[in-house]
Each structure stands twice: as structure tokens, then as C-alpha cells.
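J.: quick one, what's the 3D model for this:
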Amino acid sequence: MKTVALRSTAVFVGCAPAAPGAGLTPLMIDGGLFARLAHTGPYATMPAAYRWLFGHRLAASGRHLGASPVIEEYLNSPRQTAPNDLRTYLQMPLQPIETLA
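T.: Numbers count the residues shown, from 1 in each chain. Model (predicted):
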């Protein structure tokens, strides 16, 4: 099995651009079309959801992966939610149609 080095960035979505606090770096994510998968269950089961999203959903879309990062949006907290009830959106950027020609 191939080992992949992963990188992650935690973000806070605000209403308006603001100067970051000490130790924080601004990050802009391009808008556009994203494929979204709603995952329910423990975080440990998310690799299977990613395999489906990148394997089946991306291929079925007729598009290529976009340049923006994949976004995980956590909809509830593991501190107050049982693992089987955790909800997360996995959002994969798709390349615009005009760039596919």
C-alpha cells in the first residue's frame, strides 16, 4: 500500500475578510462547483467515503478534480455527539466545464 503525506488546514469561516490573529495565516479557497457527500458515522469510516467520492462520484461526474483543496465541514462536535451520529460534509472541487475542452 502506498503511503501518502497528508496536509491539513483548519479554517474559521467569517462574514467578512479580516486580519488573522497571531500565528494564523489567511487562506482563500476559490469558489466554483464542488461535489458534496454527506457522511454520517465515526471519523474512522471516512476513508471508505473518500474512496467512493474520488472513485465513483468523480468518474460519474465527467469532470476532473479541481485545483482547490478538498473541504471537510464538521456539522456537529465529537464532544457532544456519539460517534455513529457524527455528520461531516466531504466536498471535492470539480474543474469547470470550460477547462475540459
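
J.: start to end distance for stretch 70-88?
T.: Across stretch 70-88, the terminal residues are separated by 13 Å (C-alpha to C-alpha, to the nearest Å).

J.: before we move on, what about stretch 56-65?
T.: End to end - C-alpha to C-alpha - stretch 56-65 spans 13 Å.

J.: centre of the chain to it, how far?
T.: Taking C-alpha atoms, centre = their mean, to the nearest Å, the mean C-alpha location of stretch 56-65 is offset from the chain mean by 15 Å.

J.: tell me which helix or strand Pro47 sits in.
T.: Using DSSP states H and E, the element containing Pro47 is helix 46-52.

J.: okay, that helix in CSV with CA atoms only?
T.: In CSV, the C-alpha atoms belonging to helix 46-52 read as follows (Å, rounded to 0.1, in the frame of the first residue of the first chain):
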residue,chain,number,x,y,z
MET,A,46,-14.4,8.4,6.3
PRO,A,47,-11.7,6.7,4.2
ALA,A,48,-14.4,4.5,2.6
ALA,A,49,-16.5,7.6,1.9
TYR,A,50,-13.5,9.3,0.2
ARG,A,51,-12.8,6.2,-1.9
TRP,A,52,-16.4,6.4,-3.2
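
J.: ok, residues contacting that helix?
T.: With contact meaning C-beta atoms under 8 Å, 6 or more residues apart in numbering, helix 46-52 is reached by 37, 39, 72, 88, 90. Backbone N, C-alpha and C define where each C-beta goes, glycine included.

J.: quick check, the first one in a strand?
T.: Right, the one you point to is Leu37. Yes: counting by DSSP: H, G, I helix; E, B strand; the rest coil, Leu37 is located in a strand.

J.: okay, it: pLDDT?
T.: Confidence at Leu37, expressed as pLDDT, is 95.

J.: worst-scoring helix or strand of the protein, pLDDT-wise?
T.: Taking mean pLDDT, DSSP states H and E as the measure, the chain has helix 58-61 as its least confident helix or strand, at a mean of 87.

J.: now the residue most central in space within the chain. Nearest residue, chain neighbours left out?
T.: For the chain, Ile71 is the residue whose C-alpha lies nearest the centre (C-alpha atoms, centre = their mean; 1.9 Å). Excluding the flanking residues, the one nearest Ile71 by C-beta to C-beta, 6 or more residues apart in numbering is Gln91, at 4.2 Å.
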